[in-house]
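**Student:** Pasting the sequence and the predicted model now:
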Amino acid sequence: ETGVFDVVIDAVGREVPEALFAALRRGGRLITLQEPPSEELAEKYGVTALFFIVTAERDRLARLADMIDNGKLKVGVATTFPLAEGRAAYESGTLRRPHPGKTVLVVRP
């Protein structure tokens, strides 16, 4: 039996369960954020499994903030939401927007 999903993203954690591989259609993609996925299970289920690493580095983020403050880097913002409306912000990604850009959660007033 083949899975029903084209893409599965595992942001939870350690030891990617075999059920995530099985949930994918043949040719689907599994993306893990915590640890590299099993190449053996990927081959068994006929899927592509990728490890996506995201690390926040304070110095680089500070440099980007300076560039934004100095007008050297422009970021297109489509809409903003207060942090308390995080769900609405997430769901807004499925709506058509009048102009492209990022959705931003405002942490501080």
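**Tutor:** Perfect, thanks for sending it. Just so you know, these numbers come straight off a predicted model, no measurement behind them.

**Student:** CA only for contacts and neighbour counts going forward, please
**Tutor:** Will do.

**Student:** Spit out the contact partners of the closest residue to Arg97 other than its chain neighbours.
**Tutor:** Of all residues not flanking Arg97 in the chain, Ala78 sits nearest, at 7.4 Å (CA to CA, 6 or more residues apart in numbering). The contact partners of Ala78, taken as CA atoms under 8 Å, 6 or more residues apart in numbering, are 97, 99-103.

**Student:** Mind giving me the ChimeraX command for buried ones among those residues?
**Tutor:** Only the buried entries of the contacts of Ala78 go into this ChimeraX selection, using 16 or more other CA atoms under 10 Å:
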select :103
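
**Student:** Need the contact partners of the longest strand along the chain.
**Tutor:** Ranked by number of residues, the top strand in the chain under DSSP state E is strand 24-32. By CA under 8 Å, 6+ apart, the residues outside strand 24-32 that reach it are 2-11, 16, 20-21, 45-52.

**Student:** Which of the residues you listed are buried? Put it as a PyMOL command.
**Tutor:** What follows is the PyMOL syntax for the buried subset of the contacts of strand 24-32, where burial is set by 16+ other CA under 10 Å:
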select buried, resi 5+7+8+10+16+20+21+45+46+47+48+49+50+51
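
**Student:** Looking at the contacts of strand 24-32, which are in helices?
**Tutor:** 20-21, 45 (DSSP state H).
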